[in-house]
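[1] okay, here's the prediction I keep looking at, along with the sequence it came from:
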Amino acid sequence: MKSQRQTEMRVLITGGAGFLGSHLVDRLIEGGHEAIVFDNLLTGRVANIAHHLGHDRFKFVKQDVTEYLHVGGDLDAVVHFASPASPIDYLQLPIQTLKVGSLGTHKALGLAKAKNARFLLASTSEVYGDPQVHPQREEYWGHVNPVGPRGVYDEAKRFGEAMTMAYHRYHGLDTRIVRIFNTYGTRMRPHDGRVVSNFIVQALKGEPLTVYGDGSQTRSFCYVSDLIEGILRLLMASEHSQSRTEAGEDDIHLPTNIGNPGEFTVIQLAHMVIELTNSRSVIEHNELPVDDPRVRQPDISRAQKVLGWQPMVSLEEGLRKTIGYFASEI
C-alpha cells in the first residue's frame, strides 16, 4: 500500500456506479488515483460515472461481483460497495442482496488477497437492527430479526463483516469495515424508497409526504460529501494505528461508524422538507413497516479518535443541495 501522500493508487470499487460508490470514484480521480469500477448496474447507473468515461485513470467494467473477478496488474485497494442498499431494493431483490453480501464479499476479499491489496467493506448501521442500545457504539452486537423481511440486508452485511475479519485474522489481510449510517445527497435515485428522497420528490410534486407510523422514530442524516471524506480517511489510514483495543487489535481493523450524530424524528424531517421546498404538501401517515428501527444514531467516538473525522454539513444545508438536485431530475 502506497503512503497516504503518494498519488496514483490503483483502486477497484465494486458498486462504483451507485449513489455512494460514484462519489468515492470522483474523490479518487480528483486525488490523482486510478479507479476501476465493477458494477452490474442492478441499482447503479452509468450516468453517475459517465463524466469519467474516456479518462486515462478510469475504467468501467459491467461485472457481477458474485462471479469470478479478474483485474490485470497490481491493485492497492479493493473497496466493496456493491449491494442493493435501500429498503425498496433489498425487499425486491432479496436473493441478489444475500448473494452480493456473501459470495460477492468472498470474491472481493479473494481478489484483495491475491493482489496483496487493502480491503474496505461498506457495511451498514442496519447490522444494529432495531437497537436496544442508544446511541449505537461499534461494540454493540445488535438486535436483528434474521428471518424478517429486512433480514436479507442485515444478515448479508453481518456475514460480510464476519468474513472480512476472518480474512484479516487468518490471512493477515489489511482490512477495514465502515458502518454507514443514513446518507443522502446528489445522485440518489428519485424512487429508491429512502426517506429523504421520498420526502423531497413528494414535496416537489405537491404530493402527500408518506410518514410511516406516527413519525416519532428517529434517524441521523449524513450528507454524502461528509461520508465519503470519512471513508477515504479510513481507507488511507496507516495499518498500525496508535489506538488499540483491550484485546490488542488495532481499532483501524474493527468496524467504524461513519454518520452524522445529529438525531431527528421522521416527522421533523418531513416538516423541514416541506418548508425548504415551499411545498403545499400535507403529511399522510401509513402503517409502520415490519422491523422498522425505532431509533438510529451513531456514536462516532472511534472515527473522531482514530481518523480525526466528524461531519461538517448541517441537515438544512445538505437538504438544500439535495432538493436542488432533485428539482433538476424530476
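    Thanks, I have the structure now.
[2] from here on, just use CA atoms for contacts and neighbour counts.
    Will do.
[3] pull the longest helix from the chain.
    In the chain, assigned by DSSP state H, the helix with the most residues is helix 151-171.
[4] quick one: buried residues of that one?
    With burial defined by 16 or more other C-alpha atoms under 10 Å, the residues of helix 151-171 counted as buried are 151-161, 163-165, 167-168.
[5] nearest to G230, of these?
    Minimum distance to G230 across the buried residues of helix 151-171 is 18.4 Å, recorded for E161 (C-alpha to C-alpha).
[6] now do the same for the closest one: its pLDDT.
    According to the prediction, E161 has pLDDT 98.
[7] tell me who's in contact with it.
    L121, S123, I177 (C-alpha atoms under 8 Å, 6 or more residues apart in numbering).
[8] what is the nearest of those to K205?
    Checking those against K205 with C-alpha to C-alpha, the nearest one is S123 at 33.0 Å.
[9] go ahead and confirm that closest one touches R176.
    No: using C-alpha atoms under 8 Å, S123 makes no contact with R176, being 10.0 Å away.
[10] would you put the C-alpha positions of the longest helix of the chain in PDB?
    Below are the C-alpha coordinates for helix 151-171, written out as PDB (Å, rounded to 0.1, in the frame of the first residue of the first chain):
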ATOM      1  CA  GLY A 151     -33.000  -9.700   7.500                       C
ATOM      2  CA  VAL A 152     -31.800 -10.300   3.900                       C
ATOM      3  CA  TYR A 153     -29.800  -7.000   4.100                       C
ATOM      4  CA  ASP A 154     -29.000  -7.000   7.800                       C
ATOM      5  CA  GLU A 155     -27.600 -10.500   7.800                       C
ATOM      6  CA  ALA A 156     -25.800 -10.200   4.400                       C
ATOM      7  CA  LYS A 157     -23.800  -7.300   5.900                       C
ATOM      8  CA  ARG A 158     -23.300  -9.000   9.200                       C
ATOM      9  CA  PHE A 159     -21.900 -12.100   7.300                       C
ATOM     10  CA  GLY A 160     -19.700  -9.700   5.200                       C
ATOM     11  CA  GLU A 161     -18.200  -8.300   8.400                       C
ATOM     12  CA  ALA A 162     -17.500 -11.700   9.800                       C
ATOM     13  CA  MET A 163     -15.900 -12.800   6.500                       C
ATOM     14  CA  THR A 164     -13.800  -9.600   6.400                       C
ATOM     15  CA  MET A 165     -12.500 -10.100  10.000                       C
ATOM     16  CA  ALA A 166     -11.800 -13.800   9.200                       C
ATOM     17  CA  TYR A 167      -9.600 -12.800   6.300                       C
ATOM     18  CA  HIS A 168      -7.800 -10.300   8.500                       C
ATOM     19  CA  ARG A 169      -7.200 -12.700  11.300                       C
ATOM     20  CA  TYR A 170      -6.500 -15.800   9.300                       C
ATOM     21  CA  HIS A 171      -4.700 -14.500   6.200                       C
END
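[11] E239: neighbouring residues, count only.
    By other C-alpha atoms under 10 Å, the residues close to E239 number 17.
[12] next one: it from T265, what distance?
    Plainly put, E239 is 38 Å away from T265 if you go by C-alpha to C-alpha, to the nearest Å.
[13] and what of D64?
    D64 sits 37 Å away from T265, going by C-alpha to C-alpha.
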